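>>> Any chance you could fold what I've pasted below:
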Amino acid sequence: MARAVFGVVDAGPLVSVQDGGRPGLMRFGVPGSGAMDRRSLMIANLALGNPSGAPAIEVSRGGLTLDCVEGAVSVAVAGGGFVVQVAGLRLGSWVVVTLRAGDRLTVRQGPWGSWTCLAFAGRMVARDWLGSAATHAPSGFGGGMLAPGQQIVVDAARQVAEGAIPCPVWARPRRVVHAVPGPQDRVFPPEALEAFFGAPYRLTDAYDRMGVRLRGPLVAAGSALNLPSQAIVRGSVQVAGDGVATVLLADHQTTGGYPKIATVVPDDLDGFVQLRPQDAVRFVAVEARAAVDRARSRARAVAGYLQALKTL
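Purely as a prediction, here's the structure:
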């Protein structure tokens, strides 16, 4: 069976092994984790003929450099506007290339985006935790963070057709984000809700896989902050006692007692995480039914794109 082996030369912060996530375990206190930009993971894998949720490497703006030390394998890079360099050739992300022993692959930040996914045509060998290789960054459980000197092994390595991957418009950063008010919007005064859904915010440097704090109007709750602990989902907008809003992301805690002023609709989250610190964003209130309609409409568009991708 063919295999390829890579040595990690350099890996920036939060570069980790991710897959489709660890669903169904939040009731046991286990976060779902998985890729920050879930659609980019799907695209990178499907471009190579892999299962859509197969393990891959999620690369942050800190970048990644790998040396192919054995074998040959095709790889796909999808997500963000990153720069990809292979054997001295400069490319953009959204590409499939083949690496052979002696080649060096460098992925670094480009003009836009915060996350990209690097998938391998084959089975990336990765440590499993509770049925998934997704890395939970705060604990390190799962496939783990990448570090210099580490080896990456790809079993059943394959080579596929090289070329560009079409970058859909919905993969770009989302500067207008739709959110359903609540579930604890009742504890916020009307002026706080008007500020959150009316004024611009900026992402701050307090940004990791658990969440990102926002800079903008403070939206302090008008009643008790210490609510009974309740479930949290990806996209919850939590407000602590200082009135600062935080959007919770892939490695979010499973429960919490701070009030949630809104919940970002899942359809917008992949685009939201591609924003960078200091980028501006506005939140637009939508009712739950409208959010479901948006999700269904986008799901049809994504399904059409993925079907076309399989035929390339």
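
>>> For Val86, give me phi and psi.
With angles defined as degrees, to the nearest 10, Val86 sits at phi -130, psi 120.

>>> Give the next helix or strand downstream of the strand or helix carrying Gln85.
Assigned by DSSP states H and E, Gln85 belongs to strand 81-86. Remark: after strand 81-86, the chain's next helix or strand is strand 89-92, criterion DSSP H and E.

>>> How far does stretch 144-164 stretch from one end to the other?
For stretch 144-164, the first-to-last residue distance is 29 Å (Cα to Cα, to the nearest Å).

>>> next one: stretch 153-171
29 Å.

>>> got it, and stretch 114-133?
Note: stretch 114-133 ends 21 Å apart using Cα to Cα.

>>> Same question for it: list its buried residues.
114-126, 129, 132-133 (16 or more other Cβ atoms under 10 Å). Using the backbone N, CA and C atoms, a C-beta is placed for each residue, glycine as well.

>>> do the same with stretch 299-312
For stretch 299-312, using 16+ other Cβ under 10 Å, the buried residues are Val302, Tyr305, Leu306, Leu309.

>>> where does Pro148 fall, phi/psi-wise?
Residue torsions, per degrees, to the nearest 10, at Pro148 are phi -60, psi 140.

>>> helix/strand/coil for the residue nearest the centre of the chain?
Against the mean C-alpha coordinate of the chain, by Cα atoms, centre = their mean, the closest residue is Met36 at 1.3 Å. Here Met36 is recorded as coil under DSSP: H, G, I helix; E, B strand; the rest coil.

>>> Tell me the predicted confidence for it.
Looking at Met36, its pLDDT stands at 98.

>>> hang on, isn't it packed against Met210?
No - counting by Cβ atoms under 8 Å, Met36 stays clear of Met210, with 10.7 Å between them.

>>> Name the residues contacting each of those two.
Leu249, Ala250 (Cβ atoms under 8 Å, 6 or more residues apart in numbering).

>>> Tell me the bridge partners for the nearest residue to Thr106 once chain neighbours are set aside.
Closest residue in space to Thr106, ignoring its immediate chain neighbours: Gln85 at 4.3 Å, by Cβ to Cβ, 6 or more residues apart in numbering. With DSSP bridges as the criterion, Gln85 is bridged to Arg90, Thr106.

>>> Wait, Gln85 touches Val95, no?
No - the pair Gln85 / Val95 is not scored as a contact, 11.2 Å apart, by Cβ under 8 Å.

>>> the more surrounded of these two?
Neighbours per residue, other Cβ atoms under 10 Å: of Gln85 and Val95, the larger number sits with Val95, 19 against 14.

>>> Could you pull up the contacting residues of that one?
Ala76, Val77, Val84, Glu162, Gly163, Ala164, Ile165.

>>> What are the buried residues along stretch 51-70?
53-61, 63-66, 68, 70.

>>> and the top helix by length along the chain, what does it pack onto?
The longest helix of the chain (DSSP state H) is helix 288-310. Applying 3 or more Cβ pairs under 8 Å, 6 or more residues apart in numbering; DSSP states H and E, one finds that helix 288-310 makes contact with helix 38-46, strand 176-181, helix 266-273.

>>> now, of those, which is deepest in the fold?
helix 38-46 (a mean of 26; mean count of other Cβ atoms under 10 Å).
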